[in-house]
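Asks: task: produce atomic coordinates for the following.
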Amino acid sequence: MRIDPSDLATFLAIARHKSFRAAATELGVSASALSHALRNIEERLDLRLVNRTTRSVALTEAGELLFARISPAFRDIDDALEDLNNFRGKPAGTLRFTAARQSAQLVLLPIVTRFLKAFPDISVEIMINDALIDMVAAGFDAGVRFGETIAADMIAVPIGPRHRFAVVGSPAYFKTHKPPVTPHDLKDLPCIRYRFTSGAIYRWEFERGGIEVDIDVAGPLTLNDQDLMVDAALDGAGLAYVFEAQVEALIAKRKLVRVLADWCPAYPGFFLYYPSRRQLPAALRAFVDFSRGSP
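Replies: Residues are numbered from 1 along each chain as shown. A predicted model of the protein is given here:
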């Protein structure tokens with residue numbers, strides 16, 4: 001029985017993505033070729049590592065054990081190769097980011113596009129995922145999230161400008177509903193609710209003069225995408241609680257009306273986070289330094 005490092009890299013890609021198609025894309029091969037390669041590995045080991053169905057890929061107990069044991073070793077190899085970047089004149093390689101849609105849209109992507117112009121030898125991949133994931137196990141270098149959702153064992157640095165939320169509704173909506181004066185007035189108004197990937201409903205948060213209020217709003221429509229919430233507000237479905245940057249232009253054009261602005265202060269916003277490591281990969285260090293100097 002002989003298992004090469006390339007065989008283990010194949011297995012790791014499948015284990016990280018839980019998808020033959022996604023792993024094949026990462027490795028630059030076809031999904032059928034990857035499936036055939038895994039079958040050969042399993043035959044040589046005389047063990048099933050992955051359970052496959054037409055809809056899902058899941059590791060067996062043996063597969064979970066192998067994944068847990070070899071992942072740190074491959075990260076050490078990656079770190080050793082990254083150390084060689086110190087001998088280059090400039091950083092190079094690929095950075096993989098995970099981010100929720102709004103954090104990528106409002107903060108990460110604008111910085112990345114400028115970063116790529118400054119570092120032409122670095123490429124970037126951004127994967128949108130609103131769920132909290134094991135970033136290291138999934139093969140990501142860094143992520144962008146709200147500060148309160150970041151695991152304690154991660155290093156987090158502020159990224160991008162401060163942000164505010166905005167409560168908005170369409171002009172047609174306010175023809176039949178009285179504008180709220182305080183957050184408590186929202187309890188009597190139809191609102192567009194937001195559901196997290198975890199299943200929890202977001203409670204709208206407000207603060208003024210040191211007084212903090214969070215409201216469990218009600219309404220006939222619940223969504224899990226803030227862009228759809230803006231669309232629904234434009235159609236008069238209810239009040240929406242979204243990022244100010246998403247609706248500034250619509251407010252200026254009077255397509256949406258803002259209320260409770262004095263209850264929506266600016267806050268630090270998003271954070272770039274990454275694992276605590278002996279030494280950052282050169283490309284990630286370059287991005288961290290670049291993002292600190294970006295507005």
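Asks: where does this structure have low pLDDT?
Replies: Within the chain, the stretches with pLDDT under 70 are 1, 54-55, 82-89, 147-152, 277-279, 294-295.
Asks: in the longest helix belonging to it, which residues are buried?
Replies: Secondary structure assigned by DSSP state H gives helix 61-83 as the longest helix of the chain. For helix 61-83, the buried set under the neighbour-count rule, 16 or more other Cβ atoms under 10 Å, comprises 63, 66, 67, 70, 71, 82. In this view, the C-beta of every residue, glycine as well, is placed from N, C-alpha and C.
Asks: farthest pair within those?
Replies: Using Cβ to Cβ, the pair of the buried residues of helix 61-83 lying farthest apart is 63 and 82, separated by 27.1 Å.
Asks: just want the most central residue of this protein.
Replies: Centroid check for the chain by Cα atoms, centre = their mean gives residue 99 as the closest residue, at 1.7 Å.
Asks: gap between the residue lying closest to residue 118 once chain neighbours are set aside and residue 75?
Replies: Distances taken as Cβ to Cβ, 6 or more residues apart in numbering place residue 290 nearest to residue 118, at 6.6 Å, with adjacent residues excluded. As judged by Cβ to Cβ, to the nearest Å, residue 290 and residue 75 stand 24 Å apart.
Asks: relative to residue 37, how far out is residue 124?
Replies: From residue 124 to residue 37 the distance is 28 Å (Cβ to Cβ).
Asks: ok, residue 135 next?
Replies: According to Cβ to Cβ, residue 135 stands 26 Å off from residue 37.
Asks: which of the buried residues of helix 61-83 lies closest to residue 4?
Replies: Closest to residue 4, out of all of the buried residues of helix 61-83 and judged by Cβ to Cβ, is residue 70, at 12.5 Å.
Asks: so what's the closest one closest to, chain neighbours aside?
Replies: The spatial neighbour of residue 70 that comes closest, neighbours along the chain excluded (Cβ to Cβ, 6+ apart), is residue 8 at 5.6 Å.
Asks: same question, residue 27
Replies: residue 13 (5.5 Å).
Asks: what number of residues are in the vicinity of that neighbour?
Replies: For residue 13, the count of nearby residues is 21 (other Cβ atoms under 10 Å).
Asks: now swap in the one 4 residues further on and tell me
Replies: The local packing of residue 17 (other Cβ under 10 Å) involves 17 other residues.
Asks: ditto for residue 2
Replies: Other residues within reach of residue 2, judged by other Cβ under 10 Å, total 5.
Asks: so where does it fall, helix or strand?
Replies: Residue 2 is part of no helix or strand when elements are defined by DSSP states H and E.
Asks: how close does the residue nearest to residue 27 sit to residue 50?
Replies: 12 Å.
Asks: do the same with residue 202
Replies: 36 Å.
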